[in-house]
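Colleague: Just need the structure, nothing else, for what follows:
(2 chains)
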Amino acid sequence: MLDDVTTDKPVLTLKDLSIEFPTPAGVVQAVKALSLDIHKGRRVGFIGESGSGKTTTALAVMQMLAEPGRVSGGTIDLGGTNILALSEEEMRSARLSRVAYIPQGAMNSLNPVMRVEPQMWDGIIAHEGHLERGELKRRSDAALQSVGLPLHTAGLYPHELSGGMKQRVCIAMGIILNPELIIADEPTSALDVVTQRQVMQTLKAIQTQIGSGLMLIGHDMGLMAQTVDELAVLKDGALVEHGTVQQILEAPAHPYTKDLISSVPLVGGESFLNPDARADAPKRASSEPLLRFENVRKDYGSVTALHPMSFTLQGDTPQIISIVGQSGSGKSTMGSIMLGFNPPSQGRVLFEGRDVAGMNAAQSLDFRKNVQAVFQDPYACFNPFYRVNHALKFPYKQFGLATSEAATQRAMEAACEAVGLDPDLVLPRYPHQLSGGQRQRLIVARALMLSPKLLIADEPVSMVDASLRASILSNIYDLKDKYGISILYITHDLATAYHVSDFVMVLFKGHVVEAGPPKEVIGAPRHPYTKLLIDSIPWPDLDRSWGDGRTDWDPTKLEAEAARAEAIYRGTVPGFDLIEEAPHG
Amino acid sequence: MSGAHMTRAERRQARRIRRFDNPWLNPKLIWGAGLLLSIIFIGIVGRVLWDLELVFTGSSPLKLPPLGFENLRGQPGVMAHPIGTDGGGRDMLAMIIIGAPNTLFVGLLASLIGMSIGIFLGFSAGFLGGRIDDTIRVGADVMITIPPLLILVVFQSAFGDVTLTMMALLIAGFVWQSPTRLIRAQVLSMKQSGYVQMAQLSGASTSHIMFREMMPNLVPYLFGSFIASVTTSIVTAVGLEVLGLGPQRIPTLGRTIYEAINAGALIQNLWWWWGIPTLLLGVIFIGLLLINLGLDEVSNPRLRRLS
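Modeller: Take a look at the predicted model:
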């Protein structure tokens, strides 16, 4: 019974745990002699880059290591039970009832053809046999209530729920048998900041309520600082630092921990950029503005993703314009409209005075050369069939920039060096041999080689490890500063937008709600939606009351309030004119 | 660690790892290709070494058993006809030498044509979208529900005697649907992928995107689909031949089985007459299956196992 576990005995004890994966290139040590205790009611964060062994450790505790991985040494002790000695059947009954696993992508973890309720019952039935329907219903309702979901959720299918609700259903399923230990593997990585805050609050509240241990896996130092009691920093499979959050934030001992902490950009904090001498924008033949939106509107069926919007980007001095908002705010739609991938439902997009929709072949090629992009997913941007230099070489030749094979090679090498990559090491490789950070830098290098006039950066760092984000952003910033390229930076991350941009537009449900220079808009927000976004960002600041389980923080209500508020314009910058939307109502 | 000190399990592990490194060293693939090549080998070497005149009716004694066996009349097998003769006085070995490659040829040709149609339609549907996509998709879906044998029986009886190529063409009309659907689905998902968007940003032409960016990534699927449709084509061809349709004057494995059944070979215990062509068909199908399984492992590294 749970009650028999004395409080001083840890829920989970890892002792010299080592995990290895035999691969063609030799045995890879995924986890090296890791020792750690998780006590009852304590929240322990595992932080590190992808590949640092944090998920592998969690899976080993569940006995769910992927083939051919194996525990090569050490012990895993779950509240007095040696996990590694359990049989398949004993382990099955321990899962969920004693240790619950909340996976990363809740949207993929729920059965799409089953209603929520029977999926929750499955867990109970698998452990306790068939119970009366009334009893099952009572327990699933209690679990849903405890994660703050309305009871009618039980009768819905997963596709009828939002991402945050699905993740909370997963939490409800995880705690339905009151486990001693909850393992949450990046439970909010697919959610936007507002939902993230809500889900983390739920998780903390329920964990406190049932008094279990929590193992939270993540890579976001800010989120960790706001959520956990203890922090374990992993690097290359080894535990490099372990202590309370207070200790680690105030006096990080290991250089890697210091890197992790300093890589979190803060609003108003010190800039991670080192602005260079300002370059002039490339000489333009046309006196027309670089990019102009004329009443552009986009509908998907009956949903309006972007309400009529007009702005003019002059482009004579290089600028970074940030477009921030949650998923579904219409910011990525704006990006694809600018790139000409997605024709607007109404209005015109003009590039140097020419309508993007009505270009002939030569104009179109010129437009392509001058408007380039960096996309969110660096893993998908390279054709797996070719070596990565194909992605750099092909457009260079296509746009007639290449004079000879040797010149192309030189240009590629120079571009790689400019973004801090070793060309000999990187260029002849296949995409799967490079890390996400390296690939994203190569995409930046590609943009640099083509020297476009405008770059659309759509969430360029959201899929890159936290420790690399700052350096990739400064690579992008250099494009503006050293090479004079105007940039439209599309992001959900207000802190980075604060530092890099000259002008910020906050988008909410396809409307601009607040716009102006970043120091005003993000530094001192006035619109309720901007305030909501900024309140939701987890920072590594222990004094902030971010995830303290307050129940009065209700994003739905705040969003409704934000929807009623008028747009606020906080001043302009020369070279960028946003036409104000007529007040509604 | 030297080889002598490795345990058997370790050596096996090392072999598996080597296989993991070079996926083409897949045992299934090698065995499958070997079986098919042996059929082609029989066809080539047989044409050089054996007297092909023996396929004509009455060129040999009737119903002789293979070497080392006796038929119901007590006649032993003879060296001149090592795997026996049939009821029409034709030498079985000569029939196999000509017939087995013919069967393979019909299957390969039919699915080659079918795949080409499938690639063309699949790419058009996936890439162009809109009304073209609707038409192609509905067309393929409708064709998939029609049992090919039914239509082909009608066609072939109307044509009477057909050539091998003609038969392959007719069968090809029924093996393009699944490649079309498969390629359409792949193209649709690839069209959204980052590298295709990157190619668009690079000012690539549609044909460049189709053939240089998408096609190389489709190769494993195309191979797998090709092998699957060779199997379907051969099954269809043999089905027609066993019904007595298809080419009347050219020996194929199916035609031989048809004649054996027709002449009552089963009752007369002339097992070699129908048994040997059936065995060869089995070899062809197993070969194709192994190639398909092997290709699966080549194109999908997750199926390759280390332990």
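Colleague: what stretches of the chain score poorly on pLDDT?
Modeller: Here I'm looking at chain A. Counting by pLDDT under 70, chain A contains low-confidence residues at A:1-8, A:106-107, A:269-270, A:272, A:274-286, A:545, A:547-552, A:583-585.
Colleague: right idea, wrong chain: chain B
Modeller: Those would be B:1-6, B:13-23, B:299-307, if you go by pLDDT under 70 across chain B.
Colleague: Show me where it has its strands.
Modeller: Residue ranges of strands cannot be listed for chain B, since DSSP state E assigns none.
Colleague: which helix is the longest one in it?
Modeller: Among all segments of chain B classified by DSSP state H, the helix with the greatest residue count is helix B:92-128.
Colleague: touching chain A at all, it?
Modeller: No. Between helix B:92-128 and chain A, judged by Cβ under 8 Å from any Cβ of the partner chain, nothing touches; the nearest distance is 14.9 Å. Any C-beta I mention is one placed from the backbone N, CA and C, and that applies to glycine too.
Colleague: Who are the packing partners of that helix?
Modeller: Using 3 or more Cβ pairs under 8 Å, 6 or more residues apart in numbering or on different chains; DSSP states H and E as the contact test, the elements touching helix B:92-128 are helix B:27-49, helix B:130-145, helix B:164-172, helix B:177-191, helix B:215-242, helix B:253-262, helix B:271-299.
Colleague: And it, what's buried?
Modeller: When burial is assessed from 16 or more other Cβ atoms under 10 Å in any protein chain shown, helix B:92-128 yields the following buried residues: B:92-115, B:117-119, B:121-127.
Colleague: thinking again about what came up before, quick one: which of the helices and strands packed on helix B:92-128 is nearest chain A?
Modeller: Counting by Cβ to the nearest Cβ, chain A lies closest to helix B:215-242 out of the helices and strands packed on helix B:92-128; the figure is 4.0 Å.
Colleague: Just the buried residues of the closest one, please?
Modeller: By neighbour count on 16+ other Cβ under 10 Å, the buried set for helix B:215-242 is B:215, B:217-218, B:221-242.
Colleague: and if you look at stretch A:204-223?
Modeller: Taking 16+ other Cβ under 10 Å as the neighbour-count basis, stretch A:204-223 is seen to contain the buried residues A:204-207, A:212-223.
Colleague: same thing with stretch A:13-20?
Modeller: For stretch A:13-20, the buried set under the neighbour-count rule, 16+ other Cβ under 10 Å, comprises A:13-14, A:17-20.
Colleague: Okay, helices next: where are they in the stretch 401-550 of chain A?
Modeller: If you assign secondary structure with DSSP state H, counting those that start in this stretch, the helices in the stretch 401-550 of chain A sit at A:405-418, A:423-426, A:436-450, A:466-483, A:494-500, A:518-521, A:528-536.
Colleague: Hmm, A:Gln167 is touching A:Pro187, no?
Modeller: Yes. Look at A:Gln167 against A:Pro187 with Cβ atoms under 8 Å: they come within range, at 6.0 Å.
Colleague: So the two - more neighbours on which side?
Modeller: Taking neighbours as other Cβ atoms under 10 Å in any protein chain shown, A:Gln167 and A:Pro187 compare with A:Gln167 leading, 32 against 28.
Colleague: what's the domain layout of chain A?
Modeller: Chain A breaks down into these domains under automatic domain parsing: A:2-262, A:291-383+A:453-539+A:550-578.
Colleague: What's the end-to-end length of the last one?
Modeller: For domain A:291-383+A:453-539+A:550-578, the first and last residues are 12 Å from each other (Cα to Cα, to the nearest Å).
Colleague: how close does the closest residue to chain B within the stretch 51-200 of chain A get to A:Thr75?
Modeller: Taking Cβ to the nearest Cβ as the measure, the stretch 51-200 of chain A has A:Pro68 as its residue closest to chain B, at 4.4 Å. Look at A:Pro68 and A:Thr75: by Cβ to Cβ, to the nearest Å, they are 21 Å apart.
Colleague: Find the centremost residue of chain A, please.
Modeller: In chain A, the C-alpha closest to the average C-alpha coordinate belongs to A:Ser462, at a distance of 4.4 Å (Cα atoms, centre = their mean).
Colleague: That one is in contact with A:Ile490, isn't it?
Modeller: No. With contact defined as Cβ under 8 Å, A:Ser462 and A:Ile490 do not form a contacting pair (10.1 Å).
Colleague: dump the residue contacts of the residue sitting nearest the centre point of chain B.
Modeller: Relative to the mean C-alpha position of chain B, the nearest C-alpha, by Cα atoms, centre = their mean, is the one of B:Val230, at 3.4 Å. When the contact criterion is Cβ atoms under 8 Å, 6 or more residues apart in numbering or on different chains, the partners of B:Val230 are B:107-108, B:110-111, B:288.
Colleague: do A:Val28 as well
Modeller: Contacts of A:Val28 (Cβ under 8 Å, 6+ apart): A:20-22.
Colleague: roughly how far apart are the closest residue to B:Leu293 other than its chain neighbours and A:Pro252?
Modeller: Computed as Cβ to Cβ, 6 or more residues apart in numbering or on different chains, the closest residue to B:Leu293 that is not its neighbour in sequence is B:Lys28, at 4.8 Å. Plainly put, B:Lys28 is 53 Å away from A:Pro252 if you go by Cβ to Cβ.
Colleague: again, but for A:Tyr498
Modeller: Summarising the geometry, the distance separating A:Tyr498 from A:Pro252, computed by Cβ to Cβ, is 24 Å.
Colleague: out of the two, which sits in the busier spot?
Modeller: Neighbour count, other Cβ under 10 Å: between A:Tyr498 and A:Pro252, A:Tyr498 has more, with 23 against 19.
Colleague: can I assume the more buried one is in contact with A:Ser271?
Modeller: No. With contact defined as Cβ under 8 Å, A:Tyr498 does not count as touching A:Ser271 (9.0 Å).
Colleague: Could you grab the helix/strand/coil label for A:Lys557?
Modeller: For A:Lys557, the secondary-structure state derived from DSSP: H, G, I helix; E, B strand; the rest coil is helix.
Colleague: which ones are touching it?
Modeller: Contacts for A:Lys557 (Cβ under 8 Å, 6+ apart) come out as none.
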